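A.B. asks: Starting from these lines, generate the structure:
(2 chains)
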There are 2 protein chains.
Amino acid sequence: MIRFYNGRIMTMAEDCSVTSGEVWTDGDKIAFVGTPSAEQLKAASFEREIDLDGDLLMPSFKNAHTHSAMTFLRSYADDLPLQDWLFTKVFPMEAKLTGEHIYWLTKLAILEYLTTGVTASFDMYFEPDAYVKANIESGFRTVLCGSISGEPSNLDRLEGYMKRFNKMHPLISYRLGFHAEYTASRELLEGMGELARRYKLPVSTHNSETAKEVRECKERYGMTPTELFDSLGIFDYGGTCFHCVHVSDRDLEIFRDRGVYVVTCPGSNSKLASGIAPVTKMLKMGIKLGIGTDGPSSNNCLDIFREMFLTAALQKLAENDAAACPAGEVLRAATVGSAHAMGLFDCDIIAEGKQADLVVVDLMQPNMQPINAIAENIVYSGSKTNVRLTMCAGKVLYERGEFFIGEDAKRIYAKSNEIINSLRD
Amino acid sequence: MIRFYNGRIMTMAEDCSVTSGEVWTDGDKIAFVGTPSAEQLKAASFEREIDLDGDLLMPSFKNAHTHSAMTFLRSYADDLPLQDWLFTKVFPMEAKLTGEHIYWLTKLAILEYLTTGVTASFDMYFEPDAYVKANIESGFRTVLCGSISGEPSNLDRLEGYMKRFNKMHPLISYRLGFHAEYTASRELLEGMGELARRYKLPVSTHNSETAKEVRECKERYGMTPTELFDSLGIFDYGGTCFHCVHVSDRDLEIFRDRGVYVVTCPGSNSKLASGIAPVTKMLKMGIKLGIGTDGPSSNNCLDIFREMFLTAALQKLAENDAAACPAGEVLRAATVGSAHAMGLFDCDIIAEGKQADLVVVDLMQPNMQPINAIAENIVYSGSKTNVRLTMCAGKVLYERGEFFIGEDAKRIYAKSNEIINSLRD
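C.D. replies: Numbering: from 1, shown residues only, chains lettered A, B, ... in the order given. Just a heads-up that it's a prediction; the model follows:
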């Protein structure tokens, strides 16, 4: 067992309130939360006791939308219009990627997730075997999101992946999903709806990221992407939609009524000039919210602190109201909301029996002082420098700047540079 | 002398290009930049040789608008409308501050500046003696900005401060300035113009931060604040204006023609829902730009990396153009532009004879890998975790998480908590 003591605890079971007490983990689970009796302490056997020294233990962050292996394109093609960026820079480079590349580039992303207190990613990319290998070796949790496009012949592959990856390893799961309306045939979308109903499962997808995407879908089908998906039964068992920048009130009603999660990606949406998602309205309607970074090619980093600040700050700007989108709601979205959006219902809060996916927030840093309000400090002032320790499934993978993922960080950096250099013309 | 070697150098003398070579400092100045001959190396005597190991040495960042001692109100009153925040929360607490408080709260801010690679602040607050003491003791550079308001009787005090603080210490300087149009009488503004012309000096002030401020100024004077200031000769010798969110084309022409610097504060402007400054237009017109955090009560942190990302990202959103406000321009604004906006013309670039105000950016972190483009990496992906070393006037004040400012950080944290607790009702 591992014992965290002498600190502050934010369980997030209810709100963002902070209590004292201890948390013990046993294997991959949380075994105890509270103030132990002398007897309990005497009976317990700890392999490690971590003195929090006043720091905060809280549920780890989850990155509910990303394309991890796109690390190789970080700062490769910035300050370009979206279409140029995607078609002349991103797609030609991606076409050259091999499984071996994906493996190393994913490890690079995992290092960065750990520095920002993230213990799980909801990832949409290709070469899933190489991707999964990198995650398992690192001890990092990931949920693969189906990303098929094109014709319905791809549905068999999706089904196969789902069956295979969901029984592969405790850290790995797979969810039904497709890339986006604009890369799918109508037949594929119909098949997607059938699959959702057959398995009674939620479906995840990119949705309404750009105005162009929505406009063209309306031209094709006379409906928004959300209306189209719903009409085909894709959301009959819920789902998760990434971005949702250009959504109508009717779209939002569908999300609410079908229990569809929205994952907002404010860093990517601002850097690519896609727009500001109506998060305030979503929260008011009771739509469930998660937060994601999107891939490091559009963002360009995987920093959940920056995403949290942006989520709140962009709403204040868009609503012309400094009171919009308060810190507590944002912190909840980045932890509990994101976990639920990716189906990780046992990785959401600090409670006995839950997965030990935890982060220690270093409060003894200038940006966290004085301690007026901890949730507000994290959302409005927090940074990667405040991540003291990141634990996934009961294992410490990052602590005070050091990584424990079974691979030397410098080797991963060297491999990443090697890969991008080999892919350039 | 101190020798930086075996790394990358971004001098910013021209653009953001990166070269190899060495930088030597001697006392508070840069003594050598380039590739030394064997003879030069033999003749040199170094008190310390810093192996950059591939990391980047660049000019330090400057925070061109802040109220440092407002650290005590960090996360004290968030998610409130601007007027409530200012009048019911900030002003009543500020009224209780003593010089002793300012001294400790300033030291807290200095710690945070150092973690983000900032070596100088352009600060507007009160109790200047206590403030200056904290800076000198810490070895930190600061430019005090006059902040008078109300009646012209305060002009004498301003003049006195300017004379006293400008000859006090090499790290300290003082610039003519007043708080804002909306807190000044017309007579004060007229006197300000006279003072500017008498001393032939630039004048700094808050300007057009909110729509309300501009509207009310127009009602009072039939002019925007910028037009009013210019009509009174306040900008006859240039100046620096903070915020400039709600500015007209005519205002921008005045800035350009008078050589007035604009300091943009996107974190504060978004969190307080003030709006997005037309930075793209400013850059196109050739207006000189700096970047500031504003105080930690509105922001809530003093993180120049977040400000840089926001400067670029908000322009892309506002202009609906992912190509707007490219990274190089932003990096320049946060270093050279900010230095010039506060009158620190000898602290801007890496060149022989310039002040040794430098930062080492740690590139061996996941968010900086692979190395596709360094300026873009810093602006779009950088974080405080990338600040390996901060040097001010030739002295290392921060290195790998440790502070060297002659005071224990934990004592400063304890004092800050003591202060805010004593000030609460």
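
A.B. asks: give me the beta-bridge partners of the closest residue to residue A:335 other than its chain neighbours?
C.D. replies: Closest residue in space to residue A:335, ignoring its immediate chain neighbours: residue A:59 at 4.7 Å, by CB to CB, 6 or more residues apart in numbering or on different chains. In short, each C-beta sits where N, CA and C put it, glycine included. Judged by DSSP bridges, the bridge partners of residue A:59 are residue A:358.

A.B. asks: Give me the distance between residue A:59 and residue A:350.
C.D. replies: Noted for residue A:59: a distance of 6 Å to residue A:350, by CB to CB, to the nearest Å.

A.B. asks: same check, this time on residue A:90
C.D. replies: Taking CB to CB as the measure, residue A:90 falls 39 Å from residue A:350.

A.B. asks: okay, these two: which has more neighbours?
C.D. replies: residue A:350 (23 against 20; other CB atoms under 10 Å in any protein chain shown).

A.B. asks: ok, the more buried one - contacts?
C.D. replies: Residue A:350 makes contacts with A:9, A:10, A:11, A:12, A:13, A:23, A:30, A:33, A:57, A:58, A:59, A:358, as judged by CB atoms under 8 Å, 6 or more residues apart in numbering or on different chains.

A.B. asks: Would you write out the ChimeraX command that picks the buried residues out of those?
C.D. replies: Buried members of the contacts of residue A:350, defined by 16 or more other CB atoms under 10 Å in any protein chain shown, are picked up in ChimeraX with:
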select /A:9,10,11,12,23,30,33,57,58,59,358
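
A.B. asks: Nearest to residue A:82 among the contacts of residue A:350?
C.D. replies: Relative to residue A:82, the closest of the contacts of residue A:350 is residue A:59; by CB to CB it sits at 34.1 Å.

A.B. asks: So the closest one sits against residue A:344, correct?
C.D. replies: No. Judged on CB atoms under 8 Å, residue A:59 makes no contact with residue A:344 at a distance of 10.5 Å.

A.B. asks: measure stretch A:88-97 end to end?
C.D. replies: Stretch A:88-97 has its terminal residues 16 Å apart, counting by CA to CA, to the nearest Å.

A.B. asks: Please enumerate residues in contact with it?
C.D. replies: A:69, A:70, A:72, A:73, A:76, A:77, A:80, A:105, A:126, A:127, A:297, A:423.

A.B. asks: If you count contacts, what does the helix or strand that residue A:57 is a member of end up packed against?
C.D. replies: Following DSSP states H and E, one finds residue A:57 within strand A:56-59. Counting contacts by 3 or more CB pairs under 8 Å, 6 or more residues apart in numbering or on different chains; DSSP states H and E, strand A:56-59 is packed against strand A:8-9, strand A:358-361.

A.B. asks: Tell me which of the ones you listed sits nearest to residue A:111.
C.D. replies: Between residue A:111 and those, the shortest gap by CB to CB is with strand A:358-361, which sits at 15.3 Å.

A.B. asks: tell me which element the residue nearest the centre of chain A falls in.
C.D. replies: The C-alpha lying nearest the average C-alpha coordinate of chain A belongs to residue A:63 (CA atoms, centre = their mean; 1.6 Å). Using DSSP H and E, residue A:63 sits in strand A:61-66.

A.B. asks: so what's residue A:207 bridging to?
C.D. replies: Per DSSP bridges, the residues bridged to residue A:207 are residue A:243.

A.B. asks: gap between it and residue B:357?
C.D. replies: Between residue A:207 and residue B:357 the computed distance is 47 Å (CB to CB).

A.B. asks: ok so, going back, I'd like the distance from the helix or strand following the strand holding residue A:63 to the chain centre, please.
C.D. replies: Later in the chain than strand A:61-66, the nearest helix or strand by DSSP H and E is helix A:82-84. Centroid displacement of helix A:82-84 relative to its chain, using CA atoms, centre = their mean, to the nearest Å, is 25 Å.

A.B. asks: Residues in contact with helix A:82-84: which ones?
C.D. replies: Contacts of helix A:82-84 (CB under 8 Å, 6+ apart): A:210, A:272, A:273, A:274, B:322.
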